[in-house]
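Undergrad: my questions are about this predicted structure, shown below with the sequence.
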Amino acid sequence: MQRAYNTSDAGPVTEMTIVNTFTKLIFGDECYTARELSIIGAFRSVDANVLRDSQQEMGEYLRNLGVREMIQLVSRVRQQLQEGIEIQTSQREQLTPAAGLSGPGQHRGTH
């Protein structure tokens, strides 16, 4: 099974982590970790129906989903989180100084 990693918390963002966050939304929890907030953000980005909803409204929306819809949503949220990590990793690699540069302001090449 492929896992998405969230840089704000250690460990994988699994389907169960997403389901647990959705459960907190359904039951109206008001306290979320940074990881859970990133899951909620990914939820907003993959489902336009909740883009501007409050967390309470998001919970009501989730409560009304069928099992198949919920499974598909969890999969889309997980994919969104994975893509976000891949983009961050790619950007970080682009910002890493290239081999042969010894410090800021120094450039490779011929003069």
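TA: In hand now; what should we look at?

Undergrad: where does this structure dip in pLDDT?
TA: Regions of the chain meeting the criterion pLDDT under 70 cover residues 1-12, 86-92, 94-111.

Undergrad: mind doing that once more with 90?
TA: For the chain, the stretches flagged by pLDDT under 90 are 1-13, 83-111.

Undergrad: tell me where it has helices.
TA: For the chain, the helices defined by DSSP state H cover 15-26, 34-46, 55-63, 67-95.

Undergrad: can you put those in CSV and add mean neighbour count?
TA: To be clear about C-beta, it is placed using only N, CA and C from the backbone, and glycine gets the same treatment. What follows is the helices of the chain, written out as CSV (neighbours: other C-beta atoms under 10 Å):
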stretch, mean neighbour count
helix 15-26, 18
helix 34-46, 19
helix 55-63, 16
helix 67-95, 14
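
Undergrad: the closest residue to Glu15 other than its chain neighbours and Gln55: what is the separation?
TA: Closest residue to Glu15 apart from its sequence neighbours, by C-beta to C-beta, 6 or more residues apart in numbering: Val74 at 5.3 Å. Distance of Val74 to Gln55, given as C-beta to C-beta, to the nearest Å: 17 Å.

Undergrad: please apply the same query to Asn20.
TA: Taking C-beta to C-beta, one finds Asn20 at 15 Å from Gln55.

Undergrad: next: Gly28.
TA: Gly28 sits at a distance of 8 Å from Gln55 (criterion: C-beta to C-beta).

Undergrad: and Asn49, by the same measure?
TA: In this view, Asn49 and Gln55 are 14 Å apart by C-beta to C-beta.

Undergrad: do the same with Thr14
TA: Distance, Thr14 to Gln55, by C-beta to C-beta: 21 Å.

Undergrad: over to Gly84?
TA: In terms of C-beta to C-beta, Gly84 sits 20 Å off from Gln55.

Undergrad: repeat that for Arg78.
TA: Distance of Arg78 to Gln55, computed by C-beta to C-beta: 20 Å.

Undergrad: now swap in Leu81 and tell me
TA: 18 Å.

Undergrad: just Ile71 next, same as before
TA: 22 Å.
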